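1. A predicted structure for the sequence below; I have some questions about it.
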Amino acid sequence: MNPLKALMGTISSLPNLRIHILLTHEDGIVVARCLDFSISSHGEDEEDALASLNDSLSNYLDYAIRQGSLDCIIDPDEEQFWTVYRELEMNEKKENLLENADKLKVDHRFEFMYA
């Protein structure tokens, strides 16, 4: 498994519900995993894998709604995938800080926003 990206997503009708997406390269394909629901899909590239995951998530949520089981849909994936996700996320934050270090040195006014 070669980690590619850690993404944060939302559902358009539930913008406050954040979902964690891990993209990896495995056996010549890209795998997209929604770590919150233990659902994965794959494709030839990132775009295909995410489109396939979108379909799988839509079907999963639609089924849960029809069954009246929305209270049971959160099913966290294995810890190994969460660990990879967190490592990618932290590396991205470090890279972002380093890329913007000059801005931070010049502009000493820090404004924080919370989601």
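-> Yep, that arrived. Model, not experiment: these values are computed from the prediction.

2. list the buried residues for the helix or strand bottoming out on mean pLDDT in the chain?
-> In the chain, no helix or strand scores lower on mean pLDDT, DSSP states H and E than helix 101-106, which sits at a mean of 78. Within helix 101-106, no residue counts as buried by 16 or more other Cβ atoms under 10 Å. From N, CA and C alone the C-beta is placed, and that goes for glycine too.

3. distance of the spatially most central residue of the chain from residue 108?
-> In the chain, the residue lying closest to the centroid (Cα atoms, centre = their mean) is residue 21, at 2.1 Å. Note on residue 21: its distance to residue 108, by Cβ to Cβ, to the nearest Å, is 35 Å.

4. restrict the strand or helix carrying residue 6 to CA atoms and write it as CSV.
-> Here residue 6, judged by DSSP states H and E, is contained in strand 2-11. This file holds the C-alpha atoms of strand 2-11, laid out as CSV (Å, rounded to 0.1, in the frame of the first residue of the first chain):
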residue,chain,number,x,y,z
ASN,A,2,1.4,3.3,-1.1
PRO,A,3,-0.3,6.3,0.6
LEU,A,4,-1.3,9.1,-1.8
LYS,A,5,-3.6,11.6,-0.1
ALA,A,6,-5.7,12.3,2.9
LEU,A,7,-8.9,14.2,2.0
MET,A,8,-11.7,15.6,4.0
GLY,A,9,-15.1,15.5,2.5
THR,A,10,-18.7,16.4,3.3
ILE,A,11,-22.2,15.4,2.1
